[in-house]
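Peer 1: pasting a predicted model and its sequence here:
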Amino acid sequence: MEENQTMVTEFILLGFGLGLKIHIVLFGLFSLFYTITLLGNGVILGLICLDPRLHTPMYFFLSHLAIVDISYVCNMVPQILVNLLDPTKPISFARCITQTFLFLTFGHIECLLLVMMSYDRYVAICHPLRYTVIMSWRLCIFLAITSWTCGSLLALVHVILIVRLPFCGPHEINHFFCEILSVLKLACADTRLNVVVIFTASVFILVGPLCLVLVSYTRILLAILRIGSGEGRRKAFSTCSSHLCVVGLFFGSAIITYMAPKSRHPEEQQKIIFLFYTFFNPMMNPLIYSLRNAEVKGALRRALCKEILSHL
């Protein structure tokens, strides 16, 4: 690197560039989505903690998913809202890299948690008599710790590879947050190693877990089809349909973002995909699990009844 190059200490997030009036509308809309996401996941987390009937492995993993979704939006959305009101306000290099690290960490953890949840459903339906033996609390805690550890370490690898790069201008990131691929475009050095690691990690953390989920649900489907009664089949499938919806939403948007050919998805289209990934998935997860899950709805009714009775 030449001596007269100045190192970048802060970035400008270009965001959406749609004008002040539209930015104000988006600010109100995103604030509403943010509130719904926090309330929805908070309610799910609270119900699981307070209702003893939900103290099972399935809801143990669901509580971790709620924590990840809350953490994810808290890392992303405040910066987006600030950027909508003041597009010229810079973000420091350290804060930008921290946001990238947390974004990758929570994304990786969610991938792994969805695999754990699919394995839980596989054991529950394909090996119901051995469920409590196989899905012991020791195993559940081990799987949860493994998910958080692996997700954090893999994100740390990406961040270390970014920090080693020089950033000497320009300082404008064509995105509404510090997304890793957008940040790499500003590095004034060879980033091929970073790109290879990102693609390899995507195969490991997206394609691999998705294949495991598909294998689990193929086995589950075959087991459901062997159930004699129609009511039994309906009940077995209802326990898995919510998780399948979440898996489809999460892995679909993530694979399109990081593994589809670049030429098919210009930067503005990528922003739209990330909006879906940032707001829609975390907001829909608690709605899907609560609206399609009789146990969660039952726990909510019991909590509301208890609250009403306590005020009488």
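Peer 2: Thanks, I have the structure now. Numbering: from 1, shown residues only.
Peer 1: neighbours of residue 56, how many?
Peer 2: By other C-beta atoms under 10 Å, 19 other residues sit near residue 56. For the C-beta atoms, the positions are set from N, CA and C on the backbone; glycine is no exception.
Peer 1: if you count neighbours, what's buried in the top strand by length along the chain?
Peer 2: In the chain, taking DSSP state E as the definition, the longest strand is strand 10-13. The neighbour-count check on strand 10-13 (16 or more other C-beta atoms under 10 Å) flags 11, 12, 13 as buried.
Peer 1: test my guess that the second one contacts residue 175.
Peer 2: No. With contact defined as C-beta atoms under 8 Å, residue 12 does not count as touching residue 175 (10.8 Å).
Peer 1: and the helix ranked longest in the chain, what other elements does it pack with?
Peer 2: As assigned by DSSP state H, the longest helix anywhere in the chain is helix 93-126. Applying 3 or more C-beta pairs under 8 Å, 6 or more residues apart in numbering; DSSP states H and E, one finds that helix 93-126 contacts strand 10-13, helix 57-85, helix 131-134, helix 137-163, helix 180-184, helix 208-225, helix 230-259.
Peer 1: quick one: the fourth one to chain centroid distance?
Peer 2: The reference is to helix 137-163. Mean-position distance between helix 137-163 and its chain equals 14 Å (C-alpha atoms, centre = their mean, to the nearest Å).
Peer 1: can you list the strands that the helix or strand that it is followed by pairs with?
Peer 2: Heading C-terminal from helix 137-163, the first helix or strand you meet, by DSSP states H and E, is strand 172-173. Note on strand 172-173: by DSSP bridges, its sheet partners are strand 10-13 (parallel).
Peer 1: mind listing what's buried in whichever helix or strand comes after the strand it pairs with?
Peer 2: Once the chain leaves strand 10-13, the next helix or strand it forms, by DSSP H and E, is helix 20-50. Buried residues in helix 20-50, counted by 16+ other C-beta under 10 Å: 23, 26-27, 30, 33-34, 36-38, 40-41, 43-45, 47-48.
Peer 1: among the residues you listed, which one lies nearest to residue 70?
Peer 2: Taking C-beta to C-beta as the measure, residue 41 is the one of the buried residues of helix 20-50 closest to residue 70, at 4.9 Å.
Peer 1: tell me the mean pLDDT for stretch 287-298?
Peer 2: The average pLDDT within stretch 287-298 is 70.
Peer 1: one more: stretch 163-170?
Peer 2: For stretch 163-170, mean pLDDT rounds to 83.
Peer 1: buried residues in stretch 60-80?
Peer 2: Buried residues in stretch 60-80, defined by neighbour count with 16+ other C-beta under 10 Å: 60-73, 75-77, 79-80.
Peer 1: any idea how far it is from the chain center?
Peer 2: With C-alpha atoms, centre = their mean, you get 7 Å for stretch 60-80.
Peer 1: now stretch 17-27
Peer 2: In this view, stretch 17-27 has its centroid 26 Å away from the chain centroid, taken as C-alpha atoms, centre = their mean.
Peer 1: then that stretch to PDB, C-alphas only?
Peer 2: What follows is stretch 17-27, C-alpha atoms only, in PDB (Å, rounded to 0.1, in the frame of the first residue of the first chain):
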ATOM      1  CA  GLY A  17     -31.800   7.000  -1.500                       C
ATOM      2  CA  LEU A  18     -35.500   7.500  -2.100                       C
ATOM      3  CA  GLY A  19     -36.100  11.000  -0.800                       C
ATOM      4  CA  LEU A  20     -37.000  12.500   2.600                       C
ATOM      5  CA  LYS A  21     -40.800  11.900   2.300                       C
ATOM      6  CA  ILE A  22     -40.400   8.200   1.400                       C
ATOM      7  CA  HIS A  23     -37.700   7.800   4.100                       C
ATOM      8  CA  ILE A  24     -40.200   9.100   6.700                       C
ATOM      9  CA  VAL A  25     -42.800   6.600   5.500                       C
ATOM     10  CA  LEU A  26     -40.300   3.800   5.700                       C
ATOM     11  CA  PHE A  27     -39.200   4.900   9.100                       C
END
